[in-house]
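Asks: Turn this into a structure:
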Amino acid sequence: MEKCIVHFLPAMAGDCILIELEHPDCILIDCGYKTTYNTELRPLLLRLNAEGYRISLMIISDIDRDHIEGAVHFLRENGDAEIPAIIPVDEIWINGFFNTLFPRLEFKHREIDELSLEERKMLSDKLKSLKMSFPDEGYISAAQCKALERLCVQNGYRVNCSCPDRIVKRSAMRYSEVATNRISIAGCQIAILNPGEPQLEALSRELDREMIRWFGRDYKIQQSDEFTQLFELLMELYEEPTSSEPIMAMSANLKSWLGTSSLTPMNAVNRSSIVVEIIYHGRNMLFTGDGESADWVEFLAPIYDLIKISHHGSTKPNIKLLEKCKAKHLLVSTNGGAYDRYPENELLARMIFSGTERLHFNYDIGQKQQLMALQDGYGFSVNFGKQTIIL
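Replies: Predicted coordinates for the structure are as follows:
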């Protein structure tokens, strides 16, 4: 059977997964932070390049820093797509501000080549005000998103070329249509399950609402560095969802963990995450980004070989997923650092009760000892730390 190896990398509080397929193809999903790229991803890419591999598809599931920052540093160092310094990259999927949101009809009439002096002064004043309100860098990074888009253009990378209208977006309207809307890349059949039009519309609506609040109903958009900074600061208004309750795994009574989550909902940025189902020579894999499974549960298969759980082990976005699907391998990407309340106890209980065979965490977690004690009684195995999963 053709090789299929999933490299589940430690990515601090972020995501970084590389799928090593039959020579010479790989699929890279997210790149974590700069540290992730330097310490984990870069050495793996150099090794694969030396063996004659290439990145047939690179997916950035959303523009949170924990997904995109490492990608900016990777592509900057990789340089020209025709003569890459690290490894060849055939195609990149990313839904950025400038290649996805602003081409939409609701923003087209606001585009302008040059702002007036009065408009530039207003923009400068608002930026100063926002920077005072948000002194930290935050999680959403429109600046890095724009940097990535520029790097792709300047260095000749193919972006969203396999997707209709050059936007990574679900075309299927019902489950029966998923098979006919798959995209063939590197021997894989890839279905885009999210975002759909409702998720992109919701994100656009939220951004438009904030622009109106700060600049009035007649605001204009200019593709400039100042506007990039503005979008970064505005999107920081959508705080990363976090559980309000600390993780307390003192008991190994699994049923007692149910009902303990605050069920914090996802924001519009997370709900627009790219979610893909990848079928490769009989293996069925699901990668969920930070998406809300209630948005795309109707498009899911009942059984997967591998599922990457959404949003660092938060309960709310995974409830419908775990009610609908069973998986041999469930992956939770979290280090218990920035997201020190994840993975939530309730999510862990739901994962085990779903009948999964193997749980994978790319770091040790606070509930490690309890999970290890539960293995025999519930018929699953658990693994911690950097992993290579052979499917």
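Asks: so what strands line up beside the helix or strand encompassing Val276?
Replies: In the assignment (DSSP states H and E), Val276 maps to strand 275-280. With DSSP bridges as the test, strand 275-280 is paired with strand 188-194 (antiparallel), strand 283-287 (antiparallel).
Asks: And the next helix or strand past the first one?
Replies: Same thing as strand 188-194. Next element after strand 188-194 (DSSP H and E): helix 197-215.
Asks: of all the strands paired with strand 275-280, which lies closest to Lys108?
Replies: For these, the distance to Lys108 is smallest for strand 188-194, at 23.7 Å, taking Cβ to Cβ. Every residue, glycine included, has its C-beta placed from N, CA and C.
Asks: and the angle for the closest one with helix 197-215?
Replies: Angle, strand 188-194 to helix 197-215, by axes from the mean of the first three to the mean of the last three Cα atoms, to 10 degrees: 50 degrees.
Asks: got TSV for the strands paired with strand 275-280, with mean pLDDT and distance to Met12 too?
Replies: Below are those laid out as TSV (pLDDT from 0 to 100; distance: least, Cβ to Cβ, whole Å):
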stretch	mean pLDDT	distance to Met12
strand 188-194	97	24
strand 283-287	98	18
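Asks: Give the full set of residues in contact with Thr180.
Replies: Contacts for Thr180 were tallied using Cβ atoms under 8 Å, 6 or more residues apart in numbering; they are Ala172.
Asks: can you start the count at 34 instead of 1 from here on
Replies: Sure, I'll start counting at 34 from here, so that last one is Thr213.
Asks: tell me, how many neighbours does the residue nearest to Gly65 when sequence neighbours are not counted end up with?
Replies: The shortest distance from Gly65 to any non-neighbouring residue, by Cβ to Cβ, 6 or more residues apart in numbering, is to Ala44 (3.3 Å). For Ala44, the number of neighbouring residues by other Cβ atoms under 10 Å comes to 26.
Asks: Run through the residues that contact Ala44.
Replies: Counting by Cβ under 8 Å, 6+ apart, Ala44 makes contact with Asp63, Gly65, Tyr66, Thr69, Glu73, Asp99, Gly103, Ser366, Asn368, Asn395.
Asks: Please repeat the previous calculation with a cut-off of 7 Å.
Replies: The contact partners of Ala44, taken as Cβ atoms under 7 Å, 6 or more residues apart in numbering, are Gly65, Tyr66, Thr69, Ser366, Asn395.
Asks: Which two among those are spaced furthest apart?
Replies: Longest span within these, Cβ to Cβ: Tyr66 and Asn395, 13.4 Å.
Asks: Val415: helix or strand, and which one exactly?
Replies: Per DSSP H and E: strand 414-417 holds Val415.
Asks: which secondary structure elements does the following helix or strand past that strand contact?
Replies: Per DSSP H and E, the first helix or strand lying C-terminal to strand 414-417 is strand 420-423. Secondary-structure packing of strand 420-423 (3 or more Cβ pairs under 7 Å, 6 or more residues apart in numbering; DSSP states H and E): strand 38-41.
Asks: Sort out which residues of the strand it packs on are buried, please.
Replies: Val39, His40, Phe41 (16 or more other Cβ atoms under 10 Å).
Asks: Could you list the low-confidence segments of the stretch 84-233 of the chain?
Replies: For the stretch 84-233 of the chain, the stretches flagged by pLDDT under 70 are 153, 156, 159-179.
Asks: 50 - rerun?
Replies: Scanning the stretch 84-233 of the chain for pLDDT under 50 picks out the ranges 165-175.
Asks: Show me where it has its helices.
Replies: 98-111, 138-141, 150-166, 175-187, 230-248 (DSSP state H, counting those that start in this stretch).
Asks: on that earlier part again, looking at Tyr66 and Asn395, which one has more neighbours?
Replies: Neighbours around Tyr66 and Asn395, counted as other Cβ under 10 Å, are more numerous at Asn395. The numbers are 24 against 21.
Asks: Relative to Gly47, how far out is that one?
Replies: Noted for Asn395: a distance of 10 Å to Gly47, by Cβ to Cβ, to the nearest Å.
Asks: again, but for Ser195
Replies: Taking Cβ to Cβ, one finds Ser195 at 25 Å from Gly47.
Asks: Counting neighbours, go ahead and name the busier of these two.
Replies: Taking neighbours as other Cβ under 10 Å, Ser195 and Gly47 compare with Gly47 leading, 27 against 16.
Asks: Could you pull up the residues touching the more buried one?
Replies: With Cβ under 7 Å, 6+ apart, Gly47 has these contacts: Asp63, Gly65, Tyr66, Thr69, Asp99, His100.
Asks: about what we covered before: buried deepest among the helices of the stretch 84-233 of the chain, which one?
Replies: helix 98-111 (a mean of 23; mean count of other Cβ atoms under 10 Å).
Asks: Contacts for that helix next, please.
Replies: Contacts of helix 98-111 (Cβ under 7 Å, 6+ apart): 46-49, 63-67, 69-70, 74, 93-94, 117-120, 122, 172, 174, 177-178, 180-181, 184-185, 188.
Asks: Kindly report the same for stretch 342-349.
Replies: Counting by Cβ under 7 Å, 6+ apart, 46, 274, 276, 294, 296-299, 303, 321-324, 326, 350-351, 363-367, 372, 375-377, 379-380 sit against stretch 342-349.
Asks: repeat that with 6 Å
Replies: 294, 296-298, 321, 323-324, 350-351, 363, 365, 367, 372, 375-377, 379-380 (Cβ atoms under 6 Å, 6 or more residues apart in numbering).
Asks: for stretch 309-319, same thing?
Replies: For stretch 309-319, contacts defined as Cβ under 6 Å, 6+ apart pick out 35, 37, 221-226, 320, 337-340, 424.
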